[in-house]
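[1] got a structure for you, letters missing:
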Ligand code: HEM
């Protein structure tokens, strides 16, 4: 009989990214390490920093022992949905054509308006000074 594994998307896993609620994704599996953070010999910060992405490389780079790997399995809550995107891609803000045009118009008007304004004040001051 096939085992029923709960599947999570990276987006879902990435929402658990605090010291009270921390999930890490290692080698396609999702681990809820919330209760282990305080005891983790590598510290809680590294674990929180490893959320929201595939942390396999970080995990392997730390050179975890066989017993660490066995302990790790006790925190496994499921697997990463293979159909979901492997990483969170921040939505790009594409400025609309109207906004681009507005910005450009603002830029082009600021300099001449400032120059004309300063010139008018200067000429007025000069005129007043000469009339004295
Ligand atoms: C379920 C996940 C994890 C478990 C159960 C776990 C467990 C452990 C254990 C037992 C050790 C002590 C050394 C050993 O026996 O290998 C350790 C050390 C360490 N872990 Fe983890 N770990 C996990 C995830 C991570 C992740 C995701 C990172 C990095 C992003 C990380 C970084 C480290 C580091 C840097 C050390 C070395 C600490 C030192 O020796 O100064 N661990 N971990």
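    Thanks, I have the structure now. Predicted model only: the values in this text are computed from it and were never measured.

[2] mind checking pLDDT for the residue of the chain found nearest the ligand?
    The ligand sits closest to residue 42 of the chain, with a gap of 2.5 Å, by Cβ to the nearest ligand atom. The C-beta positions use only the backbone N, C-alpha and C, and glycine is treated the same way. Among the per-residue scores, residue 42 shows a pLDDT of 97.

[3] look up phi and psi at the nearest residue to it once chain neighbours are set aside.
    Leaving aside its chain neighbours, residue 42 sits nearest to residue 62 (5.9 Å; criterion: Cβ to Cβ, 6 or more residues apart in numbering). Main-chain dihedrals, residue 62, degrees, to the nearest 10: phi -80, psi -10.

[4] how about residue 24?
    When read as degrees, to the nearest 10, the backbone of residue 24 gives phi -120, psi 150.

[5] helix or strand for residue 78, which one?
    Using DSSP states H and E, residue 78 falls within strand 76-80.

[6] following that strand, which helix or strand shows up next?
    The element immediately downstream of strand 76-80 (helix or strand, assigned by DSSP H and E) is helix 97-131.

[7] report the mean per-residue pLDDT for that next one.
    On average, helix 97-131 scores 77.

[8] got the buried residues for it?
    Within helix 97-131, not a single residue qualifies as buried, counting by 16 or more other Cβ atoms under 10 Å.

[9] do I have it right that residue 26 meets residue 72?
    Yes - under the criterion of Cβ atoms under 8 Å, residue 26 makes contact with residue 72 at 7.4 Å.

[10] which parts of stretch 43-51 are buried?
    Across stretch 43-51, burial judged by 16+ other Cβ under 10 Å covers 47-48, 50-51.

[11] JSON lines for those residues, including distance to the ligand?
    Output for the buried residues of stretch 43-51, formatted as JSON lines (distance: Cβ to the nearest ligand atom, whole Å):
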{"residue": "47", "distance to the ligand": "5"}
{"residue": "48", "distance to the ligand": "9"}
{"residue": "50", "distance to the ligand": "4"}
{"residue": "51", "distance to the ligand": "9"}
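
[12] who does the strand holding residue 78 touch, helix- and strand-wise?
    Contact here means 3 or more Cβ pairs under 8 Å, 6 or more residues apart in numbering; DSSP states H and E; on that basis strand 76-80 packs against strand 7-8, strand 29-32.
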